[in-house]
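Asks: Just a sequence and a predicted model for now, questions to come.
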Amino acid sequence: MDNLILCLMDEEEKEKFNLNLSDNYYTYKKNNLTIGYARVNVVEPYQIYIFINADIRGNGYGTKLFSEVLNILKNNSVTQIAIETPISNRAMVRILEHYNGKEITRYDDIAHYIVPIV
């Protein structure tokens, strides 16, 4: 997974995708190919959204991007984050468990986790 770059989207790129200009969006690239995106809200309520392009999932990019997002939050003095994900999203559930996420509630197909940021 060499040559992975996480870069903050500029306003022009946000406008291209019709994204909220005040939010922090990151583009995740490898050799100039966009692998995925992350939205990171570093003020309460702390929220993150992660997307990895479907045709390259299963190669560890989601785990790496999640790690990068946790570092961004840690650098902003965030100590834990609540995350919700469909239980059917096994890849995300594995990532959350890998980072010591604890399931706190479940409703239908949605599980809520608390993940410590250390």
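Replies: Okay, I see it. Residues are numbered from 1 along each chain as shown.

Asks: Run through who's touching stretch 103-118.
Replies: Residues outside stretch 103-118 that contact it (CB atoms under 8 Å, 6 or more residues apart in numbering) are 70, 73-74, 78-88, 93, 96, 99-102. From N, CA and C alone the C-beta is placed, and that goes for glycine too.

Asks: which parts of it are buried?
Replies: By neighbour count with 16 or more other CB atoms under 10 Å, stretch 103-118 contains the buried residues 111, 113, 115, 117.

Asks: just stretch 45-60 next, same as before
Replies: Across stretch 45-60, burial judged by 16+ other CB under 10 Å covers 46, 48, 50, 52.

Asks: Kindly reformat these as TSV containing distance to residue 37 and secondary structure.
Replies: Shown next, in TSV, are these (distance: CB to CB, whole Å; DSSP: H, G, I helix; E, B strand; the rest coil):
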residue	distance to residue 37	secondary structure
46	17	coil
48	11	strand
50	8	strand
52	9	strand
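
Asks: Name the nearest of the residues you listed relative to residue 11.
Replies: Closest approach to residue 11 among the buried residues of stretch 45-60 (CB to CB): residue 48, at 20.6 Å.

Asks: Enumerate every residue touching residue 81.
Replies: Residues in contact with residue 81 (CB under 8 Å, 6+ apart) are 46, 48, 70, 73, 114, 115, 117.

Asks: now this protein, which segments are flagged as low pLDDT?
Replies: For the chain, applying pLDDT under 70 flags the ranges 1-2, 21-22.

Asks: biggest helix in it, by residue count?
Replies: In the chain, assigned by DSSP state H, the helix with the most residues is helix 61-75.
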